[in-house]
Each structure stands twice: as structure tokens, then as C-alpha cells.
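this one's sequence-less:
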């Protein structure tokens, strides 16, 4: 895995693709620290993502997200689990690609809807946004940002993490 030795392993993708769970497994397998950008924002702000969206809006949240990503990209050897909308900001994409190996976790819309059924912790789901339209809007951004795409449909987080590790070893 020499090619990623001084880089972060970055997980991007739509909500529900498994970034957090896969990230936990990858961090253990690669002996790296996992950093979830949403958790970093919540810790810095002292409130949840939902609270940030409700009181200050998405624009404020995206600005904080960009600050956290820029800071994390100055570090190396991390597994980064990003928020689903981080690719909206092209500066985020530039930072993540320059300082990491970006892996797009993807799944079918049907699978994502199944995984997210009943989830009320995600502000963009709570706003009754058109789920399919939001996915399609972001899919091209994920494609452009990623070095590789991994389909998580019907796979356990362990199977996905093993697939990523095999890919990284092959790429070494």
C-alpha cells in the first residue's frame, strides 16, 4: 500500500452508502485514525448537524464543513468519512483529491431508500427534498471527485471494507 502511505483514505458518497461503518472497519484494518467530518463539525459547534441546519442554515454548515476538510487535509494517514454533500464545494474536492485517495461509496436508489427508511437525523431528508433528484444531482459530482467507485448495494460494511483493502493493495 505504498501509494497511499502518505495520503488519507477518503470516503465520499450519498447518505446511506455506508461511509461511517465502512470507515470504522477500514481504520482498524489499516491501523489509521478514523475522522468523521460531520462529527468534527458537531464537536466544534457543540450542537448536532440538525441543530446547525435549523438555526444557521445549510450555507453556514457548508462553510464549517469546508474549514474542517481543509484542516484535516493538512494531516496524513487518516481515514476520512465525509458528509454526503461535501462534493458540492469544489475546494473540498480539490483538497480531498490532492491529499487523499478518494473512494466513492455508491448504491442503487432503491437500496439507499431502504437503508434510510425512518431516518429522521438527516436534515436534507427531513426537508422533504426529492431524494432521487438529490442523488442524481450529486452522483456526477461524486464521479468527478473519486479516484474509484465501489458499489455497496447488497454488501455488508465488512465486505465493502475488504473490497477496498484488496483494491488498495492491488494499486500499491
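Thanks, I have it. The structure presented is a predicted model; accordingly, all values stated were derived computationally and were not measured.

Show me what counts as buried in stretch 44-61.
Buried residues in stretch 44-61, defined by neighbour count with 16 or more other Cβ atoms under 10 Å: 45, 49, 52, 53, 61. Bear in mind the C-beta positions are built from the backbone N, C-alpha and C, glycine included.

swap that for stretch 14-34, please
Quick answer for stretch 14-34 (16+ other Cβ under 10 Å): 14-19, 21-27, 30, 32, 34.

So which of those are in strands?
residue 34 (DSSP state E).

Relative to residue 138, which of the buried residues of stretch 14-34 is nearest.
Lowest distance from residue 138 to the buried residues of stretch 14-34 (Cβ to Cβ) belongs to residue 14, with 6.0 Å.

Now do that closest one against residue 117, distance only.
From residue 14 across to residue 117, the span is 15 Å (Cβ to Cβ, to the nearest Å).

Quick one: name whatever helix or strand follows the least confident helix or strand in the chain by mean pLDDT.
Across the helices and strands of the chain, mean pLDDT, DSSP states H and E gives its lowest value to helix 123-126, namely a mean of 55. Note on helix 123-126: by DSSP states H and E, the next helix or strand toward the C-terminus is helix 131-145.

Next, residue 79: secondary structure please.
Under the three-state scheme (DSSP: H, G, I helix; E, B strand; the rest coil), residue 79 adopts strand.

Am I right that it is in contact with residue 31?
No - the pair residue 79 / residue 31 is not scored as a contact, 10.1 Å apart, by Cβ atoms under 8 Å.

wait, what's in contact with residue 76?
Taking Cβ atoms under 8 Å, 6 or more residues apart in numbering, we find residue 76 in contact with 6, 7, 8, 99.

What is the nearest of those to residue 109?
Closest to residue 109, out of all of the contacts of residue 76 and judged by Cβ to Cβ, is residue 8, at 28.4 Å.
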